[in-house]
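Trainee: Attaching a predicted model along with its sequence, questions to come.
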Amino acid sequence: MAQGNKQQVFQSLIESKVTDGLSTYIDTITEYMVDNDLEAKQLSKLISPTLQEKIKIEAIKLRLIDNEDSVSVLPM
């Protein structure tokens, strides 16, 4: 199976669980890793650039990472 096809299947699986509104991308992927006894390095091959961007947006909203596009400005 081609790498792109594996990424599409994985993304569809994750999206189906997230769109029900009961879980986040990060939680769903973590649960998948635990259930399938996978390490992050193994899973990284399955995460497409599109899914990676969605995870990044979620992490910014949850304040897990800083938004590197924004510039901090002190109020004056």
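Mentor: Cool, got the structure. Numbers count the residues shown, from 1 in each chain.
Trainee: Contacts only, for residue 29.
Mentor: Residues touching residue 29, when contacts are defined by Cβ atoms under 8 Å, 6 or more residues apart in numbering, comprise 14, 43, 47, 55. From N, CA and C alone the C-beta is placed, and that goes for glycine too.
Trainee: Pull out the buried members of the residues you listed.
Mentor: The neighbour-count criterion (16 or more other Cβ atoms under 10 Å) marks 14, 47, 55 among these as buried.
Trainee: Dump these to CSV, plus secondary structure and distance to residue 4.
Mentor: Converted to CSV, the buried ones among the contacts of residue 29 look like this (DSSP: H, G, I helix; E, B strand; the rest coil; distance: Cβ to Cβ, whole Å):
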residue, secondary structure, distance to residue 4
14, helix, 16
47, coil, 12
55, helix, 18
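Trainee: host element of residue 37?
Mentor: Secondary-structure element containing residue 37, defined by DSSP states H and E: none, the residue being outside all helices and strands.
Trainee: number of nearby residues for it?
Mentor: A total of 7 residues lie near residue 37 under the criterion other Cβ atoms under 10 Å.
Trainee: do residue 68 as well
Mentor: For residue 68, which is what you asked about, the neighbour count (other Cβ under 10 Å) is 8.
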